[in-house]
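Asker: Okay, predicted coordinates and the sequence, questions at the end:
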Amino acid sequence: MNTSLPTPQRSWLAAFRLYIQPASLRMLMLGFSAGLPLLLVLGTLSFRLREAGIDRSTIGYLSWVGLAYGFKWAWAPLVDRLPLPGLTRRLGRRRSWLLLSQLAVAAGLLGMASYDPTQALAPLVWCALAVAFGSATQDIALDAYRIESAQADEQAVLAASYQTGYRLAMIWAGAGVLWLAAYAQGAATGYAQTAWQWAYTVMAASMLPGMLTVLASPEPAPAPQTPARSLGEWLHGALVEPFADFWLRYRWQAVLVLSLIAVYRISDVVMGIMANPFYVDMGFTKDEVAAVTKVFGVIMTLVGAFVGGVLSARLGVMRILFLGALLSAASNLLYAWLSHVGHDLNALIWVVSADNLSSGMASAAFIAYLSSLTNIRYSATQYALLSSIMLLLPKFIAGFSGDYVNAHGYADFFTATAWLGAPVLLLVLLAARVHARQR
């Protein structure tokens, strides 16, 4: 049972060696599969829609497609307990759900490829919702697979390996799709549906490595469970026990823990929805955005995730959690500065580097923190609950980001998102005291 974070005891060399163990390498590949869909239904899609002439307010509201990730706790108990006919017997509980969700993501991406937002925006949005639903389901099964594949004191490194694969996929789903669309479009200007259709079709095919990894990976040993004697008992074990277990273990302190989780990434999430429309409005081309934000920026995120994983294993998660929250909020102020600078590629490089470095550190520490809160008997359901809470409030607020930019401009918007991170620092300090008492 993962009920506390480990006391750092490893040497620096031992901490680094954890990255080459088989479980870490598997999480690297599966992280790629998990990271591919996210930008294609949020960040890259917002660039595509803005280039197609869709207004900022509509783009902001369409970001609510991402709320599928915020409600994945609702069907997480099914992923945790329900066997899939035919698949579960051959692959096991975790791998069968992983493969099914990956197939759903690929099918949804093919649908997004076929619809032109200037002519049929609604069908494209429905396909994006299907991708988000399949991706959220994949996250549920993959988080459980990760938690069940290693001990608690290795979770920070597995989280960093996962983040590495995740961010490599974001290079491909961010820079790759922009480069593919730009290449297919050639010298033509404006929005070209055939170019984006080609790019999204390639993205659908890019889910194949994740599927092959699932087929080649071992199924983790299932946690012991008491067989249900009736449907009511099964539902109680699947739906009630995971949530009751969390509250019984943390009692009143659960309110503090859940409050921290609910707002920890609020600065990044709210700001991120308007980042791509901002690049378009500042006059940056697809090639420039691909090279700087989707490649250079993601590399800096990988560096941040790697550093965050090592520092968390060496110094403790709570210290890095605080540092990541501070740097993530402060980096949004750099975007406010960039809005005054305008189209300056060097300035964009510095801003994106600082933002992604801090984001990578925060993500590695935060994933390790969430993993430490779960009971392995209910790993899929409890982790889905915690990671859903992380997204609900930020995604809801982000839906109004286009309206805020239209009313106040980009500079005020980025400054406001930085201030959203201020309460997070206090909550981290309070949660660290709770963690210290429990340990």
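Answerer: Great, that's in hand.
Asker: and Ser217, what is it in contact with?
Answerer: Neighbour list for Ser217: Arg26, Leu30, Arg95 [criterion: Cβ atoms under 8 Å, 6 or more residues apart in numbering]. In short, each C-beta sits where N, CA and C put it, glycine included.
Asker: JSON lines for those, including secondary structure?
Answerer: Below are the contacts of Ser217 laid out as JSON lines (DSSP: H, G, I helix; E, B strand; the rest coil):
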{"residue": "Arg26", "secondary structure": "helix"}
{"residue": "Leu30", "secondary structure": "helix"}
{"residue": "Arg95", "secondary structure": "helix"}
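Asker: Compute the distance between Leu124 and Ala244, please.
Answerer: Taking Cβ to Cβ, to the nearest Å as the measure, Leu124 falls 41 Å from Ala244.
Asker: go on, His343?
Answerer: 55 Å.
Asker: follow-up on the earlier one: pLDDT check: weakest of the contacts of Ser217?
Answerer: Of all these, Arg26 carries the smallest pLDDT score, 83.
Asker: circling back to that earlier point, out of the contacts of Ser217, grab the one that's most surrounded.
Answerer: For the contacts of Ser217, the largest neighbour count, defined by other Cβ atoms under 10 Å, is 26 neighbours, found at Leu30.
Asker: ok, that residue - contacts?
Answerer: Leu98, Leu142, Tyr145, Arg146, Tyr162, Gly165, Gly210, Thr213, Val214, Ser217 are the contacts of Leu30 under Cβ under 8 Å, 6+ apart.
Asker: Give me the distance from the strand or helix carrying the fifth one to the chain's centre.
Answerer: Okay, so that is Tyr162. Per DSSP states H and E, Tyr162 falls inside helix 155-171. Put simply, helix 155-171 sits 10 Å off its chain's centre (Cα atoms, centre = their mean, to the nearest Å).
Asker: coming back round to it: which among the contacts of Leu30 gets closest to Ala329?
Answerer: Taking Cβ to Cβ as the measure, Tyr162 is the one of these closest to Ala329, at 23.7 Å.
Asker: hmm, back to that, so which of the contacts of Leu30 are in strands?
Answerer: Among the contacts of Leu30, DSSP state E puts none in strands.
Asker: And these, which is closest to Ala416?
Answerer: Nearest to Ala416 among the contacts of Leu30, with distances taken as Cβ to Cβ, is Tyr162, at 31.0 Å.
Asker: Same list (the contacts of Leu30) but as a markdown table, adding distance to Val131 and pLDDT.
Answerer: Conversion of these to a markdown table gives the following (distance: Cβ to Cβ, whole Å; pLDDT from 0 to 100):
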| residue | distance to Val131 | pLDDT |
| --- | --- | --- |
| Leu98 | 16 | 93 |
| Leu142 | 16 | 88 |
| Tyr145 | 20 | 84 |
| Arg146 | 22 | 79 |
| Tyr162 | 20 | 83 |
| Gly165 | 18 | 87 |
| Gly210 | 14 | 89 |
| Thr213 | 19 | 88 |
| Val214 | 18 | 91 |
| Ser217 | 23 | 85 |
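Asker: mind showing which ranges of the stretch 1-150 of the chain have poor pLDDT?
Answerer: Within the stretch 1-150 of the chain, the stretches with pLDDT under 70 are 1-20, 22, 150.
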